[in-house]
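Q: give me a 3D structure for the following:
(chains A and B)
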Amino acid sequence: MRNFFILISCLLLCAACTERMDITTDNAAPRLVITGCITTEAMPHIISISQTVGYFGNEEVKTYSDAIVKINDVRLHSLGSGQYATAASFVGTPGQTYALDVELDYDGNGIPEHYTAETTVPAMHVLDSVSLQLAISTTTDPVWAIFVHFQDQPGPNTYGAHLYINDMQYTSKIQRYYVNVFGETTAEGQYINFPVFSIRRELNWDEDEKIHLYTGDNITFELNELNTVYYDFLRAAKREISGGNPLFAGPPANVPGNISGGALGVFGAYTISRKSVILEEKHGFPQRPEEP
Amino acid sequence: MFILSSFCCCMNCYCPKYLWGVLFAVFCGYRAYACPQVDTIPKDPVLLKEVVVSSERSNTNVMRPTMSVEKLAGKQIRLVPALFGEIDLIKVIQMLPGVQAASEGSSGFSVRGGSPSQNLILFDDAVIYNASHLMGFFSTFNNEAVEGLTLYKGDIPAAYGGRLSSLLDVQGKAGADEFGVNAGVGLIASRLTLQGPLAPGRATFLLAGRRTYADLFLPLSADRSLHDVSLYFYDLNAKVQGRINHKNFVSFTGYYGRDKYGGGEMGISFGNMAGALQWKHLFSENMYLQTEWLGSGYDYFMFADSPSLVAEWKAGIYSMGARADVTWLSGNDAVRFGWATDYKWFSPGNAYAITDESSKYPINIAKKQAWENAVYFSGQHTLFERLTVKYGLRATRFDNVGPTTEYLVDGNYALTDSLRIPSGKFYNHYWGLEPRAGMTCVLSDAVSVKASYSRTMQFIHLLSTSTSGSPLEIWAPSNHTIKPETAHQLAAGVFTNIWDNRFEVSFEAYYKMLRHVIDFKDHPQVIMNDIIETEVRMGSGTNYGLEFMVRKNTGSLTGWLSYTYSRAFRNVPEINDGKDYSAPYDRPNTINIVLSCAFNERLTLSANWVYSTGQPVTFPEARYLFGNDYIPVYTARNTYRFPDYHRMDVSLDWQLGKLTPHKKWRHALNFSIYNLYGRKNPWTINFKTDADTNSQYAQMTYLFGIVPSVTYTISFNTK
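A: Numbering: from 1, shown residues only, chains lettered A, B, ... in the order given. As a prediction, this is how the structure comes out:
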């Protein structure tokens, strides 16, 4: 479906031009922002504390490193720059609820406030395998779809997916992160055998830079089962960051979160399951050029 | 001494010798001539202007007992400069007071602050659900098949209902008694119209078609991947009109239009279809019955066909209806009553994807059916010679009919239950009364004051968050959760004609109150979602404004100048923290100038200039870092505006060849420039991150620079 939107947008925009323009908006009063996630992988889980800045301009984001941050009453240690980490052995358990408590005197009245949130790790979806299947067959630049194979569980289809190219996270920006848009009535309890990402010899990284794929590259697919709070947050954030096309987009709106006490941000949870595939010469990818 | 002669080629007159003077001869087709003696008067053929027999008085604007109504004839529409030279009636009505384009280049229009989905668009009484081609740049109406239009911005006749804001009644053109061909070749489209008699003196036909052909040149492209790409739209119109005897008349209007874009591996196709069979029976000179059978539909179809995935997706709305309408006329009085029925099928989405034989993923969103019936009665009576009163009442019953799945939600729009409704079961209904009232007080032959009130109801709703109109629009009926939208409209105005009826001047004020007006929650999922009830939000609205217009319909210079002050606000408890916010079509100030100057029979220069306050928009006021992205923060909805919109277009219509009255072949060239001074009106504004400074900046997308075009038209008539 996304391809159709792209096709239609291309038709429209074939005649369109873009131009930088000056806009001034009022600066909203600063608000505290708390973000962080629980996953099913053992690693230091990070909670970040900062505050909003004016939308335009290049004001530095102010961070808070002197808060008391706890998850299930276990205090996290400060890494500086507003980041707090759990122990490296911390791992989320599917079905378990985690409570975040941040104690911080944000309003500067000498009495610390408490900002809290709860999040539950969803049930695990385990990837059986991933495979490459031809999507668009041209000899010069074939497009390959990355197919995922796993058993869907009944309930909301709040999937997300990361893509790694040789251990580099290609989906490090939300615009490239995959968020499933199909609802609960689609593929309910079915065995999923479906394309999620497509790759070709050149992938866009940003407006100017591209990533080149070669034979022997390792493509890793990471399936995330997102809890509802985090799914809603990512879906809305993706929409807000991608901008609006008047043909399809509704009016902009704030990204929803779950932090109490008037703070923005999200305390989410998701599961992780990964599988890899190696690009081969038969897929039409060139040999990596030798380093000069 | 005057001698009156007619239709004779010679005159004899005897001038007594005692009378002094000269013979001054004037005769049609000959030069005025002063002859001292008998002579042969030189010929000087002149083309007489047509004799206009009009059903309307020259001060109709003043005397007509209706208000908030705009009428345009096909030939008026033809003179207005058009994008790519494609004459488009919807783009012309967007320049009328109280009407605005939904967005740059769009065929959607807002009437008095209402949304485009609140307009009932009829083509010979058959509904057109989505009047757009090519993303709205062109409308579904081929001007060659249009006789004229009437736009009711309020004061909608009781015979029509089902939408809140307006009725756009487009009348199809009937064929002529003589055979004729009209062909036009434009920059992006060509059209052909055939018309003539089917049975001499009893029946005529008109067939009109057009097609864009930008894609015909794609096989010439060096990029082989473009060779199989389709990128076109076409539409076909047919109208047959006949007289069975002096009391019975029948006509059939048909429309079919389709847009197709895509290549071998994916594509989209969408379009409208409409048909109307009409039978008019005269009981007497004063009373007649019009019976109609109507059918309409809009659907879209998308496909992907790649080696690893085959997918299809289709959705649409279809309706079949009938109406019987009796009109009784007596002098200036009229009574009209009737019954209308319409059965609708809603197909919100039916899709599947197949990746291999064992992996098929269907998405079947529950189809819905609804039956709308209405009886109506209206009257118009002249009291005390100068006072005319109007009244009307429309009673509507709307039924939801199975089979379908109905989703129930609680007060917070959270899903509570779902009901499986069996086939044919009437499971939910609404009643609605829509009164109309109006009065016209003629103060003199040149001045009148008018006032009107109407209540309108809308039982079907467009599920779209688009602000510019989209081909992927689906409609949904009212049900347990989604209530019918209602509107009360009060309007009053002063109408006057000045300078011997050369100028029509009107001034109207209106106030509208809306209830159960539809909006959507933040970040809704309206496409491919079976449970739309959780996404919809309902609230109230207030629209008010003033409209001023000066119009000149006669002479070599014709056109209008209008100014509109229009405000539109919404209040939905779950949106904008329950505070009022500007509706997307809240544009306080709008100015339209549409002028056409006929220098002579050959050359007509037309120009228009439009200005309006920029559309309301929500801009971010703060941001925060999440991973590698900045997430915007908003404080309120629609508190900012796009830059003001303005644009000027010009066109020159040049009739070529000889212009003798009985010439069979005629041809003409039309040159036009859309956006003459190249105003960059934003279509959308997005925000980007500057990689060097890591700061945000705004980037606007605008669709059109200066767009010149040329169209050649040739026509043939046997007469």
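
Q: show me what from the stretch 401-550 of chain B comes close to chain A.
A: Residues of the stretch 401-550 of chain B found near chain A (C-beta under 8 Å from any C-beta of the partner chain) are B:465-472, B:520, B:522-525, B:527-531. From N, CA and C alone the C-beta is placed, and that goes for glycine too.

Q: gap between B:N694 and A:I46?
A: 21 Å (C-beta to C-beta, to the nearest Å).

Q: just want to know which of those two has more residues nearby.
A: More neighbours surround A:I46 than the other of B:N694 and A:I46, with 15 against 10 (other C-beta atoms under 10 Å in any protein chain shown).

Q: that one contacts A:G36, correct?
A: Yes. The criterion here is C-beta atoms under 8 Å, and A:I46 meets it with A:G36 at 6.1 Å.

Q: where does the stretch 1-150 of chain A have low pLDDT?
A: For the stretch 1-150 of chain A, applying pLDDT under 70 flags the ranges A:1-16, A:139.

Q: 90 instead, please
A: A:1-19, A:21-28, A:56-61, A:108, A:124-125, A:133-145 (pLDDT under 90).

Q: nearest residue to the spatially most central residue of chain B other than its sequence neighbours?
A: Per C-alpha atoms, centre = their mean, the C-alpha nearest to the average position across chain B is that of B:I90, at 4.3 Å. Among residues not flanking B:I90 along the chain, B:S139 sits closest, at 4.0 Å (C-beta to C-beta, 6 or more residues apart in numbering or on different chains).

Q: would you map out the domains in chain A?
A: A:32-54+A:61-122+A:241-269, A:124-225+A:272-283 (automatic domain parsing).

Q: dump those domains into JSON lines; add distance to chain B as well.
A: Formatted as JSON lines, these follow (distance: least, C-beta to the nearest C-beta, whole Å):
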{"stretch": "domain A:32-54+A:61-122+A:241-269", "distance to chain B": "3"}
{"stretch": "domain A:124-225+A:272-283", "distance to chain B": "4"}
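
Q: quick check: which of these is buried the most?
A: Across those, averaging neighbours per residue (mean count of other C-beta atoms under 10 Å in any protein chain shown) puts domain A:32-54+A:61-122+A:241-269 on top, at a mean of 18.

Q: how far out from the middle of the chain is that domain?
A: Taking C-alpha atoms, centre = their mean, to the nearest Å, the mean C-alpha location of domain A:32-54+A:61-122+A:241-269 is offset from the chain mean by 15 Å.

Q: any idea how far apart the tips of it sit?
A: In domain A:32-54+A:61-122+A:241-269, first residue to last residue: 21 Å (C-alpha to C-alpha, to the nearest Å).

Q: and B:S418, how close does it get to A:I174?
A: Counting by C-beta to C-beta - B:S418 and A:I174 are separated by 33 Å.

Q: if I pick the closest residue to chain A within the stretch 601-719 of chain B, what's in contact with it?
A: Chain A sits closest to B:N686 of the stretch 601-719 of chain B, with a gap of 3.3 Å, by C-beta to the nearest C-beta. Contacts for B:N686 (C-beta atoms under 8 Å, 6 or more residues apart in numbering or on different chains) come out as A:G243, A:G244, B:A698, B:Q699, B:M700, B:T701.

Q: the fifth one and B:F687 touch, don't they?
A: What that stands for is B:M700. No. In this structure B:M700 lies outside contact range of B:F687 using C-beta under 8 Å: 10.5 Å.

Q: next, the contact list for the residue nearest to B:R202 when sequence neighbours are not counted, please.
A: Excluding the flanking residues, the one nearest B:R202 by C-beta to C-beta, 6+ apart is B:R243, at 5.2 Å. Taking C-beta under 8 Å, 6+ apart as the criterion, B:R243 is in contact with B:R202, B:A203, B:F249.

Q: next one: the first one from B:F507, what distance?
A: When C-beta to C-beta is the yardstick, B:R202 and B:F507 sit 46 Å from each other.

Q: excluding chain neighbours, what is closest to B:G545?
A: B:S566 (3.7 Å).

Q: ok, how many other residues are close to the one you found?
A: 26.

Q: ok, back up a step: now the residue of the stretch 601-719 of chain B closest to chain A. Its backbone dihedrals?
A: phi -120, psi 170 (degrees, to the nearest 10).

Q: so in terms of bridging, what pairs with it?
A: B:Q699 (DSSP bridges).
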